[in-house]
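Asks: from the sequence below, what's the structure:
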Amino acid sequence: QVLRTADKKFSQRVPDPSRKSGYRWSLEDTRRTLYRLPKIVEALREGQMVYITEGEKDVHAIERAGGVATCNSGGAGKWQPSFAEYFRDAIVRIVADKDKPGQAHARQVAATLDGVATAVEIVEAVTGKDAADHLEAGHALADFIITRQAGEIDASDLAQDLYDFLSEVDPAEDWVIPGLLERGDRLIWTGREGLGKSVATRQIAVAAAAG
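Replies: As a prediction, this is how the structure comes out:
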C-alpha cells in the first residue's frame with residue numbers, strides 16, 4: 001500500500017500480522033508491481049491504449065477522463081525494467097511531468113518499452129505540470145503535447161541521476177606525480193605575482209617529463 005498524507009508525503013507499507021499495527025513500514029524484498037494492474041491487463045487484452053504516469057493522482061485523473069492508466073510506486077526514477085513485459089505489443093503513452101526528473105523518468109520508461117510495445121509516445125501537459133493539471137484545466141486526453149513520437153530515436157541529453165552518480169566506483173588512481181597530480185586531473189596553484197609559480201611549474205613539468 002502507498003499512503004499519501006495531507007502534507008503530500010508518501011509512505012509505503014506491507015501487511016504483516018506479526019506487527020502490532022498489522023503492517024510493516026519497510027518494503028525490503030517485497031515484489032513491486034504496477035498500480036491498477038488488473039485493469040491494465042484487461043485493457044491490453046482488449047487492445048486499448050494505456051497511459052503511464054508518474055503518480056497515482058495522475059492515474060485517477062486519466063481514469064475520470066475515460067482512459068486507462070498506471071504508474072509505479074515511489075515516483076520518478078523507481079520504474080523497474082521487469083514491468084515492461086506487461087506491455088508486450090501494446091500502444092503506450094507516457095505522460096512526463098514537466099520537470100527534469102519527470103522527463104528523465106519518462107525516457108527511462110520508454111527505453112524499457114522500446115522493442116517490447118508496438119508504439120511508445122511521450123507526451124506532456126498543455127497546461128500545468130502533469131496529467132492531473134492538464135485535465136483539470138479542461139483539456140482532453142487527445143490534447144497532450146507529443147514530445148517523442150512512436151519510433152523516434154531519443155537523443156535527449158539529460159543529466160545523470162544523482163544517486164547513480166554517487167554510487168559509481170571511482171577508477172584506480174593513475175598518478176603522473178605520486179600523491180600530487182593524477183592523470184586527467186587538474187591542479188590549481190594560486191598566489192600573488194612574482195612568487196615563482198611559473199618557475200616552479202616549469203621545474204615540476206621538467207621533472208615529470210624526466211620521470
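Asks: residues near Lys78, how many?
Replies: For Lys78, the count of nearby residues is 13 (other C-beta atoms under 10 Å). Placement of C-beta: from N, CA and C, glycine included.
Asks: next: His105.
Replies: Count around His105 with other C-beta under 10 Å applied: 26.
Asks: can you pull the contacts of the nearest residue to it once chain neighbours are set aside?
Replies: The shortest distance from His105 to any non-neighbouring residue, by C-beta to C-beta, 6 or more residues apart in numbering, is to Ala76 (3.8 Å). Going by C-beta atoms under 8 Å, 6 or more residues apart in numbering, Ala76 touches 54, 97, 101-102, 104-105.
Asks: mind checking pLDDT for Ala76?
Replies: In this model, Ala76 is scored at 89, pLDDT.
Asks: and it, helix, strand or coil?
Replies: coil (DSSP: H, G, I helix; E, B strand; the rest coil).
Asks: next up, phi/psi of it, please.
Replies: In this entry, Ala76 is assigned phi and psi values of phi -60, psi 140 (degrees, to the nearest 10).
Asks: what's downstream of the lowest-mean-pLDDT helix or strand in the chain, the next helix or strand?
Replies: Counting by mean pLDDT, DSSP states H and E, the chain has its least confident helix or strand at helix 162-167, which shows a mean of 70. Along the chain past helix 162-167, the next helix or strand (assigned with DSSP states H and E) turns out to be strand 175-177.
Asks: coming back round to it: now secondary structure and pLDDT too, for the contacts of Ala76, in TSV please.
Replies: Listed next are the contacts of Ala76 as TSV, based on DSSP: H, G, I helix; E, B strand; the rest coil; pLDDT from 0 to 100:
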residue	secondary structure	pLDDT
Glu54	coil	95
Asp97	coil	96
Pro101	helix	92
Gly102	helix	94
Ala104	helix	93
His105	helix	94
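Asks: how about those in CSV, adding distance to Ile62?
Replies: Output for the contacts of Ala76, formatted as CSV (distance: C-beta to C-beta, whole Å):
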residue, distance to Ile62
Glu54, 12
Asp97, 14
Pro101, 20
Gly102, 16
Ala104, 21
His105, 17
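Asks: what's the closest of those residues to Ala137?
Replies: Asp97 (15.1 Å; C-beta to C-beta).
Asks: contacts only, for the closest one.
Replies: Applying C-beta under 8 Å, 6+ apart to Asp97 gives the contacts 54, 76, 103, 105-106, 129-130.
Asks: how far away is it from Ala131?
Replies: When distances are taken as C-beta to C-beta, to the nearest Å, Asp97 and Ala131 turn out to be 9 Å apart.
Asks: ok, now Gly184?
Replies: Gly184 sits 44 Å away from Ala131, going by C-beta to C-beta.
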